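A.B. asks: here are the coordinates; sequence isn't available:
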């Protein structure tokens, strides 16, 4: 193949998600939907724009849930089903489980040799999670070092971009700092062995849960991607609304109503205008407003649940996707590790 006809190298994208069980709307709108769009993005000639790697971070589940791993295999399975149901395609993306690629752990060990303790202690989520998870003993090396493991997860694939929301940008920044430090020690006069990845800030709405707080399993306020229609409608009926709207005849304020925040995501502009007009004039009640929202959510979930039902009845196909993904991920990770071992002079 001549230089003129050779396909240009695609930019590489890498991201992962902890397996905590079935995924919810917040996971989907905040990350998974963006991954599918990156996977499906094309160049003007129709060729794929990105080379995508997406993984299930089972090692990371151990940083907080090390005392009881009985649910881990089930949770990995549920997340893999939701990945595929959401539209991740093994023909377009490499989909795999973190622990099936030993290079993640090897690189984390090597990076740990050069990473100052103070860098890990200053990561914002370190103290935040300790406060939120007081019932767990998180005074462990694994929990302190999870940003380091996350850096290894990223750098072992030498990606160009890491799609994250604004609240995760700090993790990409420490990854860049660790890569810079490694290259300073071991790069010599060569080009950077571990290129510094860029954060690809993606639109990530922090969806409110049914209680008005951020949708989170820890709050018990989620709508799962796999929830049947009857459950979706039932959960949304209980959702908090504008606290000042006490009676049906009271006019409401959509700008302070969590239900309208979801309308912004799941209803079109015409329906949003209808909701706003009806709410501010007391022309509609909250039950009707929630019913319209449920229509939009159910419509969004329908194709996802159809694909999930297919993969639930074809478990061997899911296993093949993950096995083949691990083979591809291992091959790419080993390219990096050969360079790293050579630079560190490990034989």
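C.D. replies: Ah, there it is. Note that the structure is predicted; figures quoted are calculated from it, not measured. Numbering: from 1, shown residues only.

A.B. asks: tell me how far residue 231 lies from residue 291.
C.D. replies: 15 Å (C-beta to C-beta, to the nearest Å). C-beta here means a position set from N, CA and C on the backbone, and glycine is covered the same way.

A.B. asks: all helices of the stretch 151-300 of the chain, in order?
C.D. replies: Using DSSP state H, counting those that start in this stretch, the helices of the stretch 151-300 of the chain run over residues 169-186, 229-237, 258-266, 269-280, 286-312.

A.B. asks: for the chain, which segments count as strands?
C.D. replies: 11-17, 50-56, 93-97, 161-164, 198-201 (DSSP state E).

A.B. asks: using TSV, lay out these together with distance to residue 43.
C.D. replies: Shown next, in TSV, are those (distance: least, C-beta to C-beta, whole Å):
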stretch	distance to residue 43
strand 11-17	11
strand 50-56	10
strand 93-97	17
strand 161-164	15
strand 198-201	17
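
A.B. asks: TSV for the ones you listed, including mean pLDDT and distance to residue 284?
C.D. replies: TSV is the format used below for those (pLDDT from 0 to 100; distance: least, C-beta to C-beta, whole Å):
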stretch	mean pLDDT	distance to residue 284
strand 11-17	97	37
strand 50-56	98	41
strand 93-97	98	42
strand 161-164	94	37
strand 198-201	91	36
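
A.B. asks: export those to a markdown table and tack on mean neighbour count and distance to residue 176?
C.D. replies: Putting the strands of the chain into a markdown table (neighbours: other C-beta atoms under 10 Å; distance: least, C-beta to C-beta, whole Å) gives the following:
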| stretch | mean neighbour count | distance to residue 176 |
| --- | --- | --- |
| strand 11-17 | 21 | 14 |
| strand 50-56 | 24 | 18 |
| strand 93-97 | 24 | 23 |
| strand 161-164 | 22 | 10 |
| strand 198-201 | 16 | 8 |
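
A.B. asks: quick one, which of the ones you listed gets closest to residue 300.
C.D. replies: For residue 300, the closest of those is strand 11-17, at 19.2 Å, according to C-beta to C-beta.

A.B. asks: check which helices and strands that closest one is in contact with.
C.D. replies: Judged by 3 or more C-beta pairs under 8 Å, 6 or more residues apart in numbering; DSSP states H and E, the packing partners of strand 11-17 are strand 50-56, helix 146-155, strand 161-164.

A.B. asks: so how far is it off the chain centroid?
C.D. replies: Centre-to-centre, strand 11-17 and its host chain are 10 Å apart (C-alpha atoms, centre = their mean, to the nearest Å).

A.B. asks: tell me who's in contact with residue 326.
C.D. replies: Neighbouring residues of residue 326 by C-beta atoms under 8 Å, 6 or more residues apart in numbering: 96, 97, 100, 101.

A.B. asks: relative to residue 149, how far out is the last one?
C.D. replies: The spacing between residue 101 and residue 149, counted by C-beta to C-beta, is 12 Å.

A.B. asks: higher neighbour count, the two?
C.D. replies: Shown here are residue 101 and residue 149; by other C-beta atoms under 10 Å, residue 101 has more neighbours (26 against 23).

A.B. asks: what about stretch 111-118, start to end distance?
C.D. replies: 14 Å (C-alpha to C-alpha, to the nearest Å).

A.B. asks: neighbouring contacts of that stretch?
C.D. replies: Outside stretch 111-118, the residues that touch it by C-beta under 8 Å, 6+ apart are 145, 148, 151, 152, 155, 178, 181, 182, 185.

A.B. asks: can you flag the buried ones in those residues?
C.D. replies: Among these, those buried by neighbour count (16 or more other C-beta atoms under 10 Å) are 145, 148, 151, 152, 155, 178, 181, 182.

A.B. asks: still on that earlier bit, so which of the contacts of stretch 111-118 comes closest to residue 252?
C.D. replies: Among these, and counting by C-beta to C-beta, the member closest to residue 252 is residue 151, at 46.2 Å.

A.B. asks: I'm done for today, thanks for sticking with me.
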